[in-house]
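Student: With the input below, show me the fold.
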Amino acid sequence: MITSLTIGTGIDYAIHATQRFRVTADRTGDIEKAVSKTIGHTGGALFIAAITTVAGFGMLILAPMPPEQQFGIITVNDHYLRIYKFNYCIATDFNEMG
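Tutor: Modelled structure (predicted):
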């Protein structure tokens with residue numbers, strides 16, 4: 001279940017970011033500008049979406065049953081890693097795509 005949740009949210013984030021990058025790169029023809037606009041515009045929205053997801057699953061840490069607590073901890077850690085990946089590594093990935 002955790003794997004399908006992780007893959008599902010990761011794909012959603014990737015689709016939004018990649019589509020924004022492609023549209024901006026096609027319009028401007030400048031890859032660096034496309035990366036900057038993608039991170040500046042779509043990055044903020046994805047960051048807020050990830051934070052709300054972390055907050056929601058973070059509530060499971062307070063659950064009375066240990067399996068639910070572990071599910072919350074694993075999911076929160078996964079989303080923190082996804083936020084890090086997008087904010088710090090995505091520019092390199094997009095530059096390689098261009």
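Student: pLDDT below threshold where in this structure?
Tutor: Counting by pLDDT under 70, the chain shows low-confidence ranges at 87, 90-98.
Student: could you point out which element follows the longest helix anywhere in it?
Tutor: Longest helix in the chain, counting residues (DSSP state H): helix 2-28. Downstream of helix 2-28, the first helix or strand assigned by DSSP states H and E is helix 31-37.
Student: just checking, what packs against that next one?
Tutor: Contacts defined by 3 or more CB pairs under 8 Å, 6 or more residues apart in numbering; DSSP states H and E place helix 31-37 against helix 2-28, helix 90-97. For the C-beta atoms, the positions are set from N, CA and C on the backbone; glycine is no exception.
Student: Just the buried residues of it, please?
Tutor: Neighbour-count burial for helix 31-37 flags I31, A34, V35, K37 (criterion: 16 or more other CB atoms under 10 Å).
Student: from the residues you listed, which is closest to M1?
Tutor: Closest approach between the buried residues of helix 31-37 and M1, by CB to CB: V35, at 34.1 Å.
Student: which secondary structure elements does the longest helix of the chain contact?
Tutor: With 3+ CB pairs under 8 Å, 6+ apart as the test, helix 2-28 has helix 31-37, helix 43-58, helix 66-84, helix 90-97 packed against it.
Student: So for the third one, what gets flagged as buried?
Tutor: By that I understand helix 66-84. F71, G72, T75, V76, D78, H79, R82, I83.
Student: Now for those: which two are most distant?
Tutor: Among the buried residues of helix 66-84, F71 and I83 lie farthest apart (CB to CB), at 18.9 Å.
Student: quick one on the thing from earlier: out of the helices and strands packed on helix 2-28, which is closest to M1?
Tutor: Closest among those, once you apply CB to CB, is helix 66-84, at 7.9 Å.
Student: Run the angle between the closest one and helix 43-58 for me.
Tutor: Counting by axes from the mean of the first three to the mean of the last three CA atoms, to 10 degrees, helix 66-84 lies at 170 degrees to helix 43-58.
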